[in-house]
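Asks: Any chance you could fold what I've pasted below:
(one chain, ligands or ions: 1)
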Amino acid sequence: MPNAKRDPFASIDRLRPLITEEEIRNRTRELGAKISADYKGSDLLLVSVLKGGFVFLADLVRTIDIPLELDFMRVRSYGARSESSGVVEITADLTGPVEGKHVLFVEDIVDTGLTMTYLMRNIKTRHPADVRLCALLYKPERKLVDVPIDYLGFTIPNQFVVGYGLDYAEKHRNLPYIATMDDEPPG
Ligand code: PRP
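Replies: Residues are numbered from 1 along each chain as shown. Here you go, the predicted model:
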């Protein structure tokens, strides 16, 4: 029997809503309308970075009213998150070429910026028409490298957040809103 204090499910009362479902829905609709207008008549390919990006992607695509294609990538970062080396391994790559396409990355969060810097550089070598980024969340206090975010949902403080695709020890991705997570109580 695991120690209840260490079980992430037992910690649900440590979650405090930061961005509500309604706020996410409204902002996503605005981003979708802007993306639809900006890419009208273009060959648009949305690329989601798994796992965290899957919820935002699913909601965002349904607010975009122009034809588009979807693909997915999965990455693994080396080193502790706090002192990330910036070395990122692509563990699942796109299923097709991006040459001539307008690539729009869809991310749940830009934290240090290292993951997106690596991925954007990598995709640019494959000769897309252009590469841009749509991110739901941005934590400027954690920034190590500048990443231009073309479509941004929310800027958030330097707090650990979960929900809406983001996890703590792989849990809480299913929470329908963004919550901060308090430190574990002592004892
Ligand atoms: C998160 C997020 C981004 C990355 C951002 O993924 O989804 O891909 O971290 O961090 P950075 O700006 O510091 O590079 P994570 O590694 O937690 O994996 P997951 O999406 O599978 O949860």
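Asks: what's the host helix or strand of residue 56 in contact with?
Replies: When elements are defined using DSSP states H and E, residue 56 is found to belong to helix 54-61. Contacts of helix 54-61 from elsewhere in the structure, counted by C-beta atoms under 8 Å, 6 or more residues apart in numbering, are 24-25, 28, 31-32, 35, 46, 48, 68, 70, 106-108, 134, 136, 153, 164-165, 173. (Each C-beta comes from the backbone N, C-alpha and C, glycine too.)
Asks: From start to finish, how long is stretch 151-166 in a straight line?
Replies: With C-alpha to C-alpha, to the nearest Å as the measure, the first residue of stretch 151-166 is 19 Å from its last.
Asks: Give the buried residues for that stretch.
Replies: Residues of stretch 151-166 classed as buried: 151, 153, 154, 156, 161, 162, 163, 164, 165, 166 (neighbour count, 16 or more other C-beta atoms under 10 Å).
Asks: Quick check: the fifth one touching residue 182?
Replies: No: using C-beta atoms under 8 Å, residue 161 makes no contact with residue 182, being 11.7 Å away.
Asks: picking up where we left off before, buried subset of the contacts of helix 54-61?
Replies: Neighbour counting over the contacts of helix 54-61 (16+ other C-beta under 10 Å) leaves 24, 28, 31-32, 35, 46, 48, 68, 106-108, 134, 136, 153, 164-165, 173 as the buried ones.
Asks: Nearest residue to the residue nearest to the spatial centre of the chain in space, please, no chain neighbours.
Replies: Nearest residue to the geometric centre of the chain (C-alpha atoms, centre = their mean): residue 108, 1.7 Å. With sequence-adjacent residues excluded and distances taken as C-beta to C-beta, 6 or more residues apart in numbering, residue 108 is closest to residue 52, at 3.9 Å.
Asks: what does residue 73 give?
Replies: With C-beta to C-beta, 6+ apart as the criterion, residue 73 has its nearest non-adjacent residue at 5.5 Å, and that residue is residue 49.
Asks: Just the mean pLDDT for the biggest helix by length in the chain, thanks.
Replies: Taking residue count as the measure and DSSP state H as the definition, the longest helix of the chain comes out as helix 21-38. Confidence over helix 21-38, taken as the mean pLDDT, stands at 98.
Asks: One more: stretch 46-60?
Replies: Per-residue confidence for stretch 46-60 averages out to 97 on the pLDDT scale.
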